[in-house]
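J.: Predicted model and sequence below, questions to follow.
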Amino acid sequence: MEMNLTFTGERRKIVRFLLMSLLSCMLILPARAQDRVTVSGRLTDTGQNPLIGASVIERGTTNGVTTDVDGRYQIAVAKDGTLDFSFVGYKTQSIAVANRTQIDVTLEEDAMMIGEVVAIGYGSQRKEDLSMAVTTVKVDEGARSRAADLGTLLQGRMPGVTILQSGGDPMRKASFSIRGRGSKGNDDDPTSGDGVLIVVDGVPNAPYSVEDVETVTVLKDAASAAIYGASVGSSGVILITTRKAEAGKMRVNVNAAIGVQKAMNLPNMLNAQQYCDVWAKAVGNSVNGSLPNLANPEVYAGANVTRTDWLDEIFRTAMTQHYGISLSGGTEKISSILSVTYDKKEGTIMNTWSESLGAKLHTDLRPTKWLKISENVSFEYLDGQGKVNRSHTGPILGAMWFPSSASVYDRDAEGNIIYDDKGKPKYGGIASSADMAAGVTGPNVVNPVAQLETMHSRAPEMRFFSTTSFEVKPVRGLTLKSDFTADLDILETDAFQPVIDVPGGSTTTLREQEHTRTFHYLWETTATYAEVFGKHHISAMAGFTTDYKKLRLYDFRTQNYPSDTWDKYQNLWQNGSWYRDPTENYYEYAMVSFLARLGYSFDNRYFLTASIRRDASSKLPSSKNYDWFPAVSGAWKLSSEKFFSNSSLANVFDLVKIRAGWGMVGNVDLYPNTSSVDVPLSIYPDGSLIGGNTVYGSYYDTIANPGATWETTVQTSAGIDLTLLKNTLDISVDYYNKETRDLVDYLPTPPQMGVTTSPMGNMGRVTNKGWEFSVAYHNTAAQGKLNYNVWGSFSTNKSNVEEYGSQPLVRHDNPNINSTAILYSGVGHPWYSYYIYRTDGIFRSQEEIDRYVSKNAETGEVMQVQPNAKVGDLKFIDTNGDGVITDADKVLTGCYTPKQTFSFGASLDWKGFDFSFMFQGVAGNYIYNGTKQMGMNGHGGDFGNLVQDVFNTWDFDPSGSKYPRLGLAEDNNGNYTKFSDAFLEKGDYLRLKNITLGYTLPKHIARYIGLTNGSLRVYVSIDNVATITGYSGVDPEVGNYGLDAGIYPSSRFFNFGVNLNF
C-alpha cells in the first residue's frame, strides 16, 4: 500500500502552524508544573498506629484525598499551599507545604472528643453528634470498689433507668426497667417480658465480670434500640464494653476485697411478758374472747419467760470475699488479656450464700494491616443457696411469729436439752415437748432455725462461651466483620426437704431435681462503610444474623429416702421412690434477621440516622412470622451555626444540640419456645379400664392460635444537650412517649373449650410518658491538684394500662399474701396495682357507727353500712354506694412503680486521695405492708407472736391510735384480714447509697516498693449507709412488686480492699 505525503503550499502553512503551537505548549507546561508539587506521607496517632481514612485537604480548595490502610496519602498541591489534616477524635493540624514532597504527621487525640465516643449498637459515635437518647457511665476504680453486680453499679446513675433490688437474698437479681414497664411479663419473675437486653462487647447476653467493665451505655429510646429489633423487649438495651488487650509489656491488675454486711432495721417483736399483756388487753376488750394457754402464765408457767429472739437467731453478720486478677500485653501483631474473678458471699440469713468463679481470655491477632482476628472465650460457674421461702410458711415470717418463750432446742422438764439417737440436739417447738404434751398449743409454724439449718436447695450452673471474630478492611472506608458465638449452659437444681421432727415439720423426705442443658449460637455478619466528602459525612451499615437455641430439660421428683437428712451420696434411682413420673422436655427456637443503618451529617451541624431491621421468629405462625422494625432520628447542632458562633452565646455555650427520634422494637420473649400453632398431644396419666385393658386417652392441652403476632413498642422522644462554661457543665433534658401494643398474654378462654391452658396471643395497650433531666459539673482547683465532679439526675414516669381486651381486671396470683391475691391490673392504672378496700379512719364512738348510713336512691330506704362494727373498728368506704361492704367495694389503689426517681453525688481526688458519695431515691410509689398486717394479727389469729406496733392500736390509745382494735380474740370486721389502705404506705425514700474513700500511694513510694510502672490503692466503701423514709417497714426497697411480706431485707455493707497494678 502506498501513501502520498506530498503537500501543497497551502497545506504546508497549516502543518507548520500546528507544529509551532505544539512546540510552544511543550515549552510552557514545565513552567506551569513548577508551580505545583506532589506531596506524600503518612498519618499516625501518638502510638505510631496508622490513621485509616483520615482527610488531607488543600486549604481553600476542594482538592483532597483520604489515607489508605497504612495511613499513607499522596496529593498534588501548590508548592506554597497549606494542607489540613483531620480525623474524627483527633485535633486537626494545618501544615504549610513550603515546596516539600514528604510530610509525615502525628495527630494528637482530642480529649474532649475522645472522652465522648459511645457505643450505639453495631458501631460507635461521638456523643455530641448523637441524635438518639443514650446515657453512658464510665466505670472507674471507685465504682469497682463497690460494685458486686450490674444493678449495684447502675442504680441511681442514669435518669429513666429504674433498678429495683430484690432485698438481700444472695441468689436473687435486681429488676431493670427503662422508661417504665410496658410488657406484663410473668408474675413470678419481675425481670421477665419487659427485661432489658444486655449486649457485652457486641454479643447479646454474653457473660461478663464487673471487674472487666469499662463503660456501660444504655440505649433508652426506640430510635437507638430498634437496630436490635425483637431481641430487645419493650424496654431497652444495655451495652457493656469490657477492657481489651493493649500492645506492650505485660500489665497485671489485682483487686482484692473483704466485706461484712448486716441486716438493717429488723421488726421489733414482743417479748414474752408483753405478749401475755397484749393478749390480756385484747381479751378484755372482746365479748367472748379467752386467753390461749401460750399467753396465760397461770396455765403455762413459761408463758411470760423470754427465751429466744428468733430474728436474732436466723440473722447474722455475713462475710463477703472478692478477688480479681487480669494480665494483658502483647505486640502489634498479637495481644491478649486474661482475667479471673472469684466471689463468695454469705447471706445475712443463716445457711444462705452464693459463690461464683469467672474467667475470660480475649486475644486479638493482626496478621496483616487489613485483617484482624479475635477470639473471646469465657467460663462462668455459679452456685449458692438462697431464694428463701417468702410466703407465710417461710422462715422469715416464721421467726416473727414463733413465740419468744420458745427455745431453739427442745428441753425436758428440768430444762436440759434433749438429744436424738445420733447425739444431735432436737429442735424445739412452740413450747417444750413436755409442755405441749400437757396441752400447750400455739401457731402452726415450723421452728425457723430448723427450717434454715436443714435447708438444702442448690442450683450449680456452668456457662461456656466462645466468640470468634473476623474483621477485614479490603478498601479505604469499608469494614467487613463476622462474629460467631456459641455457648453452652448447664444448670442443675437440687432441692431436698428432710424430715424435721418438730410440730408442723415435714414428716417425709422429698427431693426435686431439674437438669437443664441449653445450647445456643449466634452468627452476625456486618459491612460498614464511612466516607467524608468535604462537609458531608456518610456512614452505612448492613448485616445479617442467625440465632438458634436448643433446650433440653429433665425433671425428677422423688421421696422416702432412707436417710432423714441430706446425703450427697444418695442415689435417686436406688434410694428414693417416685412421687411423680419423670419428665423430659425439648425445645428449639430460631430467629433470622436482616439489619441496616444509614447515617448522614453535614458540616458538623445537621445529623440524620435511619435504621431498619427485619426479624423472623420460629415462635410465630409461619404465615406471618416476620416483621419490620424501623427507626429514624435527627439532630441540629446550633452551636456549629455561624450565627451562633458570632453571637455572645458562644462565650457561654460550647454545645447546643436539639434532637428527636422515633422507633419501633418487638418482643416475642413470652411466647413458648414452640410455635403458637404447634400444639402437642398430651396423654392422660390415669387410664380407664375398657374391655379388660387399660386405655389411656389423649387430649390437647391448649388450642392453636394462628393469629399470634409480635408485641410491639413504639416510642417517640425529643431532647436537648447543653455544654457550658468551657466544657465543664453538661445538661441534658429528654421527653419520651412510649406505647406498647399487642401485649403477649394468655387469652381469655371459655370453659366450654375444654383446654387446661389458654392459648397465648395479643391484646391490650400500655403507655409510659415522662421527662428526664441530668446535670454534671467537673473542674479543677488548687492549681490543678484538686479534681472534682458533681452530678445529679431526675426523671418522671406516668404509666397506664390503656386497654386489655375484654378483661376488666387481670389478677396476678403471685406474689401474694397468705396465698390470697392482692395485685391486679386494670385500665387506667399501672401494672400490678393493689386491689384493696379504702378506709376513712377508725370508729371512735358508737355514734359514728350509727351515723354511717346509706340511702337507697329508688326506695329512699336508709340503712347502716357497717351495722356489726364496733368502736375501734376500721370504717370501710362504700365505693359502689350499694349500702354494704363487699368485695365489690375494692378498688385499684397505688402501685410499686415510682413516679419519680432521682439521685445526686460527687467525687473528688486530691494528692492521692479519692472520695465519692451518692444519694439515690424514689417518690410516688406505694408499698403494701403485709408484714405489719400479719405481724399485728399473730399468724392470722393463730396465737403467733406480734410486732410492737400493736401498742399503737385502739386498745391502748382509743382517741389517737393509728391502727384499729386488736383482732386477736375476734375480728368480725376484718380489720386485719381484709386488704385495705390501712396498711398501704408511701414508699418514698432518700438513701445515702454509697460512700467510698481511697488512697493511692505516691509514685516515689510505689517505686521504692518495686512498683516502678505501677500503683497501689487501698479503699473502704459503705453501701446503704442511711435512709430517710416515711415507710414504717424494714426497708422501702422491697422489690416483690411492692408486697412487703416476708422479704429478705437489704443490708448495710462495709467493704475493704486493695487495687494493685504493675
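T.: Looks like it arrived, so ask away.

J.: going forward, measure contacts between C-alpha atoms and count neighbours the same way
T.: Fine.

J.: and the closest residue to Trp628 other than its chain neighbours, how far is that from Tyr671?
T.: Nearest residue to Trp628, sequence neighbours excluded (CA to CA, 6 or more residues apart in numbering): Arg614, at 4.5 Å. For Arg614, the distance to Tyr671 equals 19 Å [CA to CA, to the nearest Å].

J.: go on, Glu214?
T.: Distance check for Glu214 against Tyr671: by CA to CA, it reads 35 Å.

J.: So for these two, which sits in the more crowded spot?
T.: Between Glu214 and Tyr671, counting by other CA atoms under 10 Å, Tyr671 is the more crowded of the two (21 against 17).

J.: would you say that one is within a helix?
T.: No - Tyr671 sits outside any helix when classified using DSSP: H, G, I helix; E, B strand; the rest coil, being coil.

J.: what about the most centrally placed residue in the chain, which helix or strand?
T.: Centroid check for the chain by CA atoms, centre = their mean gives Phe176 as the closest residue, at 3.3 Å. Secondary structure assignment for Phe176, by DSSP states H and E: strand 175-178.

J.: Show me what that strand pairs with in its sheet, parallel or antiparallel.
T.: As defined by DSSP bridges, the strand partners of strand 175-178 come to strand 161-164 (antiparallel).

J.: and the strand it pairs with, average pLDDT?
T.: Mean per-residue pLDDT for strand 161-164: 77.

J.: who's in contact with that strand?
T.: By CA atoms under 8 Å, 6 or more residues apart in numbering, the list of residues contacting strand 161-164 from outside reads 151, 154-156, 174-180, 901, 1037, 1039.

J.: what about 7 Å?
T.: Outside strand 161-164, the residues that touch it by CA atoms under 7 Å, 6 or more residues apart in numbering are 151, 155, 174-179, 1037, 1039.

J.: And the furthest pair within those residues?
T.: Distance extremes for the contacts of strand 161-164: the farthest pair is Arg179 and Glu1037 at 18.9 Å, using CA to CA.

J.: The two: which is more packed in?
T.: Ranked by neighbour count (other CA under 10 Å), Arg179 and Glu1037 place Arg179 first, with 28 against 24.

J.: which residues does Ile314 contact?
T.: With CA under 7 Å, 6+ apart, Ile314 has these contacts: 349-350, 449.

J.: Most neighbours out of these, which is it?
T.: Ile349 (27 neighbours).

J.: ok, now which ones touch it?
T.: Ile349 sits next to 314-316 when contact means CA under 7 Å, 6+ apart.

J.: same thing but 6 Å
T.: Contacts here follow CA atoms under 6 Å, 6 or more residues apart in numbering; on that basis Ile349 touches 314-315.

J.: likewise the one 5 residues further on?
T.: Residues in contact with Ser354, defined by CA under 6 Å, 6+ apart, are 170, 344-345, 383-384.

J.: Now with 8 Å, please.
T.: By CA under 8 Å, 6+ apart, the neighbours of Ser354 are 170-171, 344-347, 382-386.

J.: Next, count neighbours for the nearest residue to it once chain neighbours are set aside.
T.: Nearest residue to Ser354, sequence neighbours excluded (CA to CA, 6+ apart): Gly384, at 3.9 Å. Neighbour count for Gly384, taken as other CA under 10 Å: 22.

J.: ok, Gly384 touching His456?
T.: No - the criterion here is CA atoms under 8 Å, and Gly384 misses it with His456 at 10.0 Å.

J.: Which segments of the chain make up each domain?
T.: Here the domain parsing of the chain from automatic domain parsing is 33-111, 838-889.

J.: pLDDT of the longest one, averaged?
T.: This points to domain 33-111. For domain 33-111, the mean per-residue pLDDT is 83.

J.: Ok, the shortest one next?
T.: Model confidence over domain 838-889, given as mean pLDDT, is 94.

J.: what's the answer for stretch 1044-1058, then?
T.: Rounded mean pLDDT across stretch 1044-1058 is 90.

J.: Could you check how far it is from the centre of its chain?
T.: 18 Å (CA atoms, centre = their mean, to the nearest Å).

J.: Could I get the full set of helices for the stretch 501-650 of the chain?
T.: Using DSSP state H, counting those that start in this stretch, the helices of the stretch 501-650 of the chain run over 572-575, 642-645.
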